[in-house]
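[1] sequence and predicted structure are below.
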Amino acid sequence: SSSQKCDFETDLCQIFPKLNLQPGWIRRNGQSGIASPYSDHTGNDTAYFLSWPSEMGSSSATLTSNVFLPTEKEHICQIKFYYWIGQMNATLMVGLREHSEDTIKNIWQDSAEQQNQWIANTITINSTEKYEV
């Protein structure tokens, strides 16, 4: 019944606190001229999104959400997002770390066979304990 929308227009949203944003991630729009994409998923070149430039030289980067409460039948958690993978041999993964575990369980991934275009995805999360995505 309640949802949070994160569009990165004014900040990093409440979902991704600044303390959990690894160096290298940048909040930018298509007008920055850095590299593709040159607009968001709606074609708006002034809209903001998060980007990990390939020239950063690192092989991986992580975004970590705030802690979410356990899900139940009446209150499910769905995360809808748009993503763009612009280089070969790149993989985007979504992981789940439950409160009692130190490990991250991979719950979704894509290697983007359809490169250089925005792709929409929705993930439903079921957890009986507090978790991070």
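    Sure thing, it's come through.

[2] what sits against S51?
    Neighbouring residues of S51 by CB atoms under 8 Å, 6 or more residues apart in numbering: 25-28, 34. (Glycine included, C-beta is placed from N, CA and C.)

[3] how far away is it from E129?
    Using CB to CB, to the nearest Å, S51 is found at 32 Å from E129.

[4] can you count the residues close to D102?
    As a burial measure, D102 scores 6 neighbours (other CB atoms under 10 Å).

[5] returning to that earlier point: what is the most widely separated pair among the contacts of S51?
    Maximum pairwise distance among the contacts of S51 (CB to CB): 12.7 Å, between W25 and I34.

[6] compare neighbour counts for those two and give me the winner.
    W25 (17 against 14).

[7] quick one: the strands in the protein, in order.
    Per DSSP state E, the chain carries strands over the ranges 26-29, 48-51, 77-83, 92-98, 105-110, 119-125, 131-132.

[8] to N66, which of those lies closest?
    The nearest among the strands of the chain, by CB to CB, is strand 131-132 at 7.3 Å.

[9] quick one: contacts of the closest one?
    Residues from elsewhere that reach strand 131-132 (CB under 8 Å, 6+ apart): 64-68, 70, 96-99, 125.

[10] hang on, the earlier thing: got the strands of the chain as TSV, with distance to T10 and mean pLDDT columns?
    Conversion of those to TSV gives the following (distance: least, CB to CB, whole Å; pLDDT from 0 to 100):
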stretch	distance to T10	mean pLDDT
strand 26-29	10	86
strand 48-51	8	87
strand 77-83	18	89
strand 92-98	24	92
strand 105-110	27	94
strand 119-125	22	93
strand 131-132	23	92
